[in-house]
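# predicted model, plus sequence, below.
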Amino acid sequence: MVAQFSDGSAAPALGPQLVRSWIGYRRRVEQKLASAGFTDRRLPDGMILRLCVANEGLTVSRIGREMQISRQGASKVVADLCERGFLSLEKSPGDGREKIVRPTSDAIAFLQAFHKARREVDEEIREHLGGEAVQALAALTELLAEPAGEWRAGDVWREVRARSSLLDLGDQ
């Protein structure tokens, strides 16, 4: 049986709608970030910067483990963020081969702008749909979400990479 709206029209499959919604939400947030001056943003930036802010003494190796990518891959992403002024590296006092990754003031400013942009998009949605619809949407996403503690940032990154070649989500 195909799901239908109250007017009798066919309702799109929920999974692809959720994916398109997430992409649209991210685009709105990214537009607000661009308006705040953060135009050179790449997919793992926010996840890695949040990891660095939340974990004092974070190493490149640990970033790789958290993101579920190789140490070499983590090194490349960290080097890129260092070149762009978001991270700095210090030698580890315990192991000269390892580097401690520290967020810069630009990283903190980016994360603050990111949180502000998300709050603004959330408020726009609340104003458009109303509180009850947003509560229903929150209940739906909570129902579908993985239990707390059963996923890591790398799970999201791995999933996005695996699906990055999908161009038409409507047929899924």
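That came through fine. Residues are numbered from 1 along each chain as shown.
# now do the strand or helix carrying Glu127: distance to the chain's middle.
Counting by DSSP states H and E, the element that carries Glu127 is helix 105-129. A distance of 13 Å separates the C-alpha centroid of helix 105-129 from that of its chain, computed with Cα atoms, centre = their mean, to the nearest Å.
# by contact count, what packs against that helix?
When contacts are defined as 3 or more Cβ pairs under 8 Å, 6 or more residues apart in numbering; DSSP states H and E, helix 105-129 packs onto helix 14-35, helix 45-54, helix 131-144. Where you see a C-beta, it was placed from the backbone N, CA and C, and this is true even at glycine.
# contact partners of that helix?
Contacts of helix 105-129 with the rest of the structure, by Cβ atoms under 8 Å, 6 or more residues apart in numbering, involve 25, 28-30, 32-33, 36-38, 45-46, 49-50, 52-53, 81, 85-87, 134, 137.
# next one, pLDDT for Glu146 please.
Reading off the per-residue confidence, Glu146 sits at a pLDDT of 73.
# could you do Gly96 as well?
At Gly96 the predicted local distance difference test score is 74.
# that one and Arg41: what is the separation?
33 Å (Cβ to Cβ, to the nearest Å).
# these two: which is more packed in?
A direct count of neighbours by other Cβ atoms under 10 Å for Gly96 and Arg41 places Arg41 higher, at 14 against 8.
# hang on, the more buried one in a strand?
No: Arg41: not assigned to a strand; according to DSSP: H, G, I helix; E, B strand; the rest coil it is coil.
# worst-scoring helix or strand of the protein, pLDDT-wise?
When each helix and strand of the chain is scored by mean pLDDT, DSSP states H and E, helix 153-163 comes last, with a mean of 59.
# give me the below-cutoff pLDDT ranges for the chain.
Counting by pLDDT under 70, the low-confidence segments of the chain come to 1-6, 43-44, 148-172.
# now do 90
Low-confidence regions of the chain, defined here as pLDDT under 90, cover residues 1-20, 22, 39-48, 56-57, 65-71, 91-99, 138, 140-172.
# Asp80: what's it in contact with?
Shown in contact with Asp80 (Cβ under 8 Å, 6+ apart): Arg42.
# look up how far Leu87 lies from it.
Taking Cβ to Cβ as the measure, Asp80 and Leu87 are separated by 9 Å.
# for Glu124, same thing?
Remark: distance between Glu124 and Leu87 (Cβ to Cβ) = 31 Å.
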